[in-house]
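> Show me how the following folds:
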Amino acid sequence: MKVIASLNNLRTSPRKVRLVTDSIVGMNASAALVQLKHVVKKTSEPLEKLLNSALSNAENNFGLDKDNMYVSSVLVGEGAKLKRWLPRAQGRATLILKRTSHIKLELEERIEGKNKKSKKELEKERAEREKAREEMMKAELDALEKEEKSEELAQEKPVAKKAAPKKETVKKGQDSGFLKKVFQRKSGA
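So this is what the prediction gives:
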């Protein structure tokens with residue numbers, strides 16, 4: 001069974017995208033993911049996301065096994081061109097074409113129908129995921145309610161009384177008051 005995922009208007013020229021896509025055609029999906037992680041090209045990251053999307057489509061929509069999938073073809077076409085201009089000598093201007101790409105990735109099964117899940121199994125898994133999602137949402141709501149209650153309690157508590165200011169104790173032989181300010185030990189302030 002074929003599984004298709006597409007990416008439109010990638011802001012990279014098709015020629016540069018084809019450098020990466022040509023290396024993954026015919027590979028197993030897992031091997032292609034490893035290949036894309038280690039390729040040092042700007043287009044490898046969007047292609048990796050596209051391949052993950054296609055694998056998720058295969059698993060969730062059709063019940064196919066990820067390990068049984070391989071990249072059958074990758075079509076890279078031209079998208080819209082952004083036209084910009086570059087000033088040149090003697091008042092002229094030249095056109096710059098910023099090219100975009102449309103990518104269509106197709107996955108197929110190596111062995112037809114291997115480890116394929118039935119519709120009942122898929123529905124059961126979806127129901128389990130929904131149930132788990134609902135439980136998580138309830139837990140988050142409970143946590144938020146607890147936080148709100150604790151904030152309300154904190155606001156209701158009476159304000160603590162301020163401590164009384166300390167009285168300065170005067171040692172014997174020390175002058176206090178005006179003379180102390182005038183004749184400070186250190187000069188400056």
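> Give me the contact list for stretch 15-33.
With C-beta atoms under 8 Å, 6 or more residues apart in numbering as the test, stretch 15-33 has contacts from 10, 35-36, 39, 41-44, 47-48, 51-52, 54-55, 66-67, 69-74, 76, 101, 103, 107, 110. Placement of C-beta: from N, CA and C, glycine included.
> no wait, stretch 137-157
Counting by C-beta under 8 Å, 6+ apart, no residue outside stretch 137-157 touches it.
> can you give me the strands in the chain?
3-10, 69-87, 93-109 (DSSP state E).
> that older thread, counting neighbours, which of the contacts of stretch 15-33 end up buried?
Those of the contacts of stretch 15-33 that meet the buried threshold are 10, 35-36, 39, 43-44, 47-48, 51, 54-55, 66, 69-71, 74, 76, 101, 103, 107, by 16 or more other C-beta atoms under 10 Å.
> what residues are up against residue 80?
So residue 80 contacts 9, 100 (C-beta under 8 Å, 6+ apart).
> the domain parsing of the chain - what is it?
The chain resolves into domains spanning 3-116, 118-155 when parsed by automatic domain parsing.
> for the longest one, the distance to its chain's centre please.
Okay, so that is domain 3-116. 19 Å (C-alpha atoms, centre = their mean, to the nearest Å).
> Then the last one?
Centroid separation between domain 118-155 and its chain, computed with C-alpha atoms, centre = their mean, is 22 Å.
> In the protein, what helix or strand scores lowest on average pLDDT?
helix 178-182 (a mean of 69; mean pLDDT, DSSP states H and E).
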